[in-house]
Every structure is written in structure tokens, then in C-alpha cells.
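**Q** Provide a 3D model corresponding to the input given below.
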Amino acid sequence: MATDNVVWHKHEVNKTTRSEKLRQQPRVFWLTGLSGSGKSTLANLLEKKLHEQNKHTYLLDGDNVRHGLCGDLGFSDKDRVENIRRISEVAKLFVDSGTIVLTAFISPFKADRDYCRNLLEDGEFVEVFVDTPLEVCEKRDPKGLYKKARSGEIKDFTGIDSAYEAPEAPEVHLTYQDEPAEQTAERLYALLQNKGLV
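**A** I've put the predicted structure just below:
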């Protein structure tokens, strides 16, 4: 936690100068949805599309950050809040570097997603709700987690015995059920393009 003895140091090279050099508008594309909704797959495909257009990007994925930055956290509500707090602060640093950040996190609580939004300037946080019904996610169950949650092996699993607060007014509401992931990613890119976000 910051104390009275910690002072923010302003540097001459800043977000504006970095963004100008990279020729892009830094922002966070925050993909949220249930486990198995397709967040990671879509974030990966979107990053690939942006990379092909010479955009400077970085993808923060839920499972990947738990191998390091958040490796000490479990899945209780308290730990989930801390997980998203850390990711939000990292995302802010990337935005300050001029980078386009993509995140793929269940991030089940509205207050936690709002925490990241409030760290950034207007227009820098783009909430993308990957809206895949629970029954579809459970049918996919790519990691076998729903099966474990239903059998009681996993506790506090989002959508089963832990709440998911769906976004009420996301910048992008993306339904995703049966179509190929590549097609959905193209649809996502088109939605972002139409809003002037890419």
C-alpha cells in the first residue's frame, strides 16, 4: 500500500509519447464470461488479427497469470478479487506503455471489472461480454472443470456454486455458441471496428 513517503515520479517519456511512436491508441479489451465461453480462444484470435496489422499488443490470460503473478491465489471470492486487482494494475502499466492489452478472465464480479475501468482514462477500457450460455459452456467443458464442480471436487466454481455478475452495459456484447471460433473472432473485430476501437 502507498504511504506518505511514496511519491509518484513524472517522466518525460510518457503514455502520449509512447503511443505516438507506436502509432496506436492504447486500450484494454477486457473479455469476460463463464469458463468455457471462449474468451481465451477469441482473445488469441483477436490479438493475431491486430498483430497482422502491426499493432503492438499483449494478451493477459487467466490461467497463464496464475502460473506466476497470481500463483499464490486460490479461487475464493477474496482471492478472485485480488487476482483481478493485480491484473488491472498490470493492464494499466501496459496501457501506459502505449500497448493494446487483451485480457481473458472470468472476472465474475462487476465491481472488480469497474476497478480496472476506473484506473484508466475514458475510452481506454473496453468491456467485451462473451455471452455463452452455461449449458453450452458446460457441454464444451474443455478442461473438465464443470464435471469436477458438479461432483464436488471443485468448490466456488463460477456458474455452479459461485456467482457470475453479467455485464449490464458492455461496450461489446458478443454472443457465442455454435459457430466456428474464427468466424466469431471476425464478428468481434467488425464490432470493434464499427465502434472505432481498432
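**Q** who does the longest strand along the chain touch, helix- and strand-wise?
**A** With DSSP state E setting the assignment, residue counts place strand 125-131 as the longest strand in the chain. Applying 3 or more C-beta pairs under 8 Å, 6 or more residues apart in numbering; DSSP states H and E, one finds that strand 125-131 contacts strand 28-32, helix 110-119, strand 172-175. C-beta here means a position set from N, CA and C on the backbone, and glycine is covered the same way.
**Q** For these, give me JSON lines that also has mean neighbour count and distance to Lys15.
**A** Converted to JSON lines, these look like this (neighbours: other C-beta atoms under 10 Å; distance: least, C-beta to C-beta, whole Å):
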{"stretch": "strand 28-32", "mean neighbour count": "28", "distance to Lys15": "13"}
{"stretch": "helix 110-119", "mean neighbour count": "16", "distance to Lys15": "13"}
{"stretch": "strand 172-175", "mean neighbour count": "17", "distance to Lys15": "23"}
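**Q** neighbouring contacts of the very next helix or strand once past the longest strand of the chain?
**A** Counting by DSSP states H and E, the next helix or strand C-terminal to strand 125-131 is helix 134-140. If you take C-beta atoms under 8 Å, 6 or more residues apart in numbering as the criterion, helix 134-140 is touched by 34-37, 146, 159, 177-178.
**Q** quick one: low-confidence ranges for this structure?
**A** Scanning the chain for pLDDT under 70 picks out the ranges 1-3.
**Q** and with 90 instead?
**A** 1-14, 61-81, 83, 141-143, 155-156, 161-162, 177-178 (pLDDT under 90).
**Q** top helix in it by residue count?
**A** helix 77-96 (DSSP state H).
**Q** which residues touch the nearest residue to Arg18 once chain neighbours are set aside?
**A** What sits nearest to Arg18 in space, not counting adjacent residues and going by C-beta to C-beta, 6 or more residues apart in numbering, is Gly98, at 3.4 Å. When contacts are counted by C-beta under 8 Å, 6+ apart, Gly98 is found next to 15, 18-19, 21-22, 24, 26, 56.
**Q** Near the nearest residue to Pro133 once chain neighbours are set aside, how many residues? Count them for me, please.
**A** Of all residues not flanking Pro133 in the chain, Gln177 sits nearest, at 6.9 Å (C-beta to C-beta, 6+ apart). Other residues lying near Gln177 total 14 when counted by other C-beta atoms under 10 Å.
**Q** Confirm Gln177 sits in a helix?
**A** No - going by DSSP: H, G, I helix; E, B strand; the rest coil, the assignment for Gln177 is coil, not a helix.
**Q** these two touch, right, it and Asp131?
**A** No - Gln177 is not in contact with Asp131 according to C-beta atoms under 8 Å; the separation is 9.0 Å.
**Q** For the longest strand of the chain, give me every contacting residue.
**A** Here strand 125-131 has contacts from 27-33, 37-39, 42, 113, 116-117, 166-167, 170-176, 188, 192, 197, using C-beta under 8 Å, 6+ apart.
**Q** That strand: partners in the sheet, and parallel or antiparallel?
**A** On the basis of DSSP bridges, the sheet neighbours of strand 125-131 come out as strand 28-32 (parallel), strand 172-175 (parallel).
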